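Mind looking at a prediction? Sequence and model below.
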Amino acid sequence: MIKLLRNITPSSSSLKAHLPLEDPLLTPASMLLPKELGTGRILGTGTVHNGLYYLDEGSDEVAFASKMSPCQELLLLHRRLGHPSFATMSCSYPSLFNACPWESLICDACEFAKHTRVPYPSLGLRSNKPFDVIHSDVWGPCEVHSISGHRWFVTFIDGFSRYTWLYLLNHKSDVFTVFKDLCALIENKFGNTVKVLRSDNGTEYVNQAFEQFLISKGIEHQTTCVNTPEQNGVVERKNRHLLEVARSLMFSMNVPKFLWGEAVKIATYLINRMPLRVLDNKSPAELLLNSNDFIVAPKVFGCVCFVHDYRNDVRKLDPRAVKCVFVGYSPTQKGYRCWCPSEHRFFVSMDVTFRENEPYYEPTNDTGITLSLPEGQQEGESNSGGNHMGSVLVPPSAGSYGDNSVHS
């Protein structure tokens, strides 16, 4: 009896070979009737010989159940060991894996429990011509309002040159307005039109007014699948790069968080002029504008600067300059953009002197970061500006940012 059970016990827990020898009226003592335990269905017959039961001919179902294939044995071990990956199991049971094709190893429980996203590697693909594809995305809301009251920004990136246009926004719904401005700029400046706009499915892009405008301009709107920002990886990586540069600029000179808008604008300006590996070490401005020149000499963001005061009410014994913090470059004028905290005003002027090693703000501001500055003046730094232009008092800018050629 024991030998019999060891030889014919099926691998499935639902199959048991049992001997109803206690009922001689139904089954002779010399007979074996293996039955399915749940239903009582007879799976085969067997006879006893020298104390060992042998399956009769025709009992193939019991014979099959009593022997597992390598794949079945692997799947059983897989369940017993807590559903490890088959790659891990192949190290422990190489002989079984050699006898079992990989396509036979299927576990639905693992699919439901461990399903992950498909990787989206960066292929470095580019459009063939400028403005064939414009990638766009909105960042925000920021927990701190910018100095101009903004909480969002939107970026538009040319798929050919990777040139970036950045607009600060009061509301996400302003994306439609600034996109129309960008289309008009491209048509007027470059004599070209946008062919494809690629974005996510946010309501700032997917709405009736936006769709009607795209149809009227013949612009194809491509959107990503739900919760799949990797399909628009160009703009996702660009936004990350912009924020990395902006944070670095702010942390190094203790710039407070309310100037984040100025930081991302100057980051855009600088990145557009830095060589990129995907462009064969050329800069976006070089490809799109055929020029990589800075409109004015670059200076350290957040440093102390002094702007010449041209106002008519300045008296003979009054100071001739205003102490400010350097925050960027004017998109419409050849001058430096400086913020005066004491007067809460912006100045744009070429008559500026800089102390590039001296932060305007102390380390105790809201950045919470303290970084040491290099000692001594670095090579190429200057204490004075270039050619002179009159200073201009301007209100906080609420539009886009770039240079005299193209807003960015």
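Alright, I've got the coordinates.

Which strands and helices lie in contact with the longest helix along the chain?
When the chain is parsed with DSSP state H, its longest helix is helix 233-252. If you count contacts as 3 or more Cβ pairs under 8 Å, 6 or more residues apart in numbering; DSSP states H and E, helix 233-252 packs onto strand 133-139, strand 152-158, strand 164-169, helix 260-271. C-beta: built from backbone N, CA, C; applies to glycine.

Could I get those in CSV, plus columns for distance to F86?
What follows is the helices and strands packed on helix 233-252, written out as CSV (distance: least, Cβ to Cβ, whole Å):
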stretch, distance to F86
strand 133-139, 38
strand 152-158, 41
strand 164-169, 45
helix 260-271, 45
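
out of the ones you listed, nearest to E343?
Of all these, it is helix 260-271 that lies closest to E343, at 16.4 Å by Cβ to Cβ.

export the helix or strand hosting W339 as PDB, just CAs?
In this structure, W339 sits in strand 336-340 according to DSSP states H and E. Extracted C-alpha coordinates of strand 336-340, given in PDB (Å, rounded to 0.1, in the frame of the first residue of the first chain):
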ATOM      1  CA  TYR A 336      21.500  93.900 -18.000                       C
ATOM      2  CA  ARG A 337      18.400  93.200 -16.000                       C
ATOM      3  CA  CYS A 338      18.800  94.200 -12.300                       C
ATOM      4  CA  TRP A 339      16.400  94.000  -9.400                       C
ATOM      5  CA  CYS A 340      16.500  96.700  -6.700                       C
END
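
hmm, back to that, could you dump the helices and strands packed on helix 233-252 into TSV and include mean pLDDT and distance to R345?
Shown next, in TSV, are the helices and strands packed on helix 233-252 (pLDDT from 0 to 100; distance: least, Cβ to Cβ, whole Å):
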stretch	mean pLDDT	distance to R345
strand 133-139	95	27
strand 152-158	96	23
strand 164-169	96	18
helix 260-271	94	14
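
So K323 is in contact with C338, correct?
No - judged on Cβ atoms under 8 Å, K323 makes no contact with C338 at a distance of 9.4 Å.

Overlap of the contact sets of those two?
Common contact partners of K323 and C338 (Cβ atoms under 8 Å, 6 or more residues apart in numbering): C305.

out of the two, which sits in the busier spot?
C338 (25 against 15; other Cβ atoms under 10 Å).

burial count for F97?
So F97, with other Cβ under 10 Å, has 19 neighbours.

Same check on the one 10 residues further on?
For C107, the tally of surrounding residues (other Cβ under 10 Å) stands at 15.

before we move on, what about the one 3 residues further on?
Using other Cβ under 10 Å as the criterion, C110 is surrounded by 15 other residues.

Start the count at 522 instead of 1 going forward.
Taking 522 as the first residue, the last one we looked at is C631.

That one in helix, strand or coil?
helix (DSSP: H, G, I helix; E, B strand; the rest coil).

where are the low-confidence patches of this structure?
522-565, 576-588, 638-646, 885-929 (pLDDT under 70).

returning to that earlier point: E708: which of the helices and strands packed on helix 754-773 is closest?
Per Cβ to Cβ, nearest to E708 of the helices and strands packed on helix 754-773: strand 654-660, 13.0 Å.

Could you pull out the buried residues of that closest one?
V654, I655, H656, S657, D658, V659, W660 (16 or more other Cβ atoms under 10 Å).

OK, contacts around Y881?
Contacts of Y881 (Cβ under 8 Å, 6+ apart): M774, G823, C824, V825, C845, V846, P862.

Excluding chain neighbours, what is closest to C746?
Q752 (6.3 Å; Cβ to Cβ, 6 or more residues apart in numbering).

Could you find the residue nearest the spatial middle of the protein?
E757 (4.7 Å; Cα atoms, centre = their mean).

how many other residues sit next to the spatially closest residue to that residue that is not a sequence neighbour?
Leaving aside its sequence neighbours, E757 sits nearest to P750 (Cβ to Cβ, 6+ apart; 5.3 Å). Applying other Cβ under 10 Å, we find 13 residues neighbouring P750.

that's a helix at the residue nearest to C746, yeah?
Yes - Q752 forms part of a helix when assessed by three-state DSSP.

I'd say N802 and N813 touch.
No - the criterion here is Cβ under 8 Å, and N802 misses it with N813 at 11.6 Å.

more crowded one of those two?
Using other Cβ under 10 Å, the more surrounded residue of N802 and N813 is N813, with 15 against 10.
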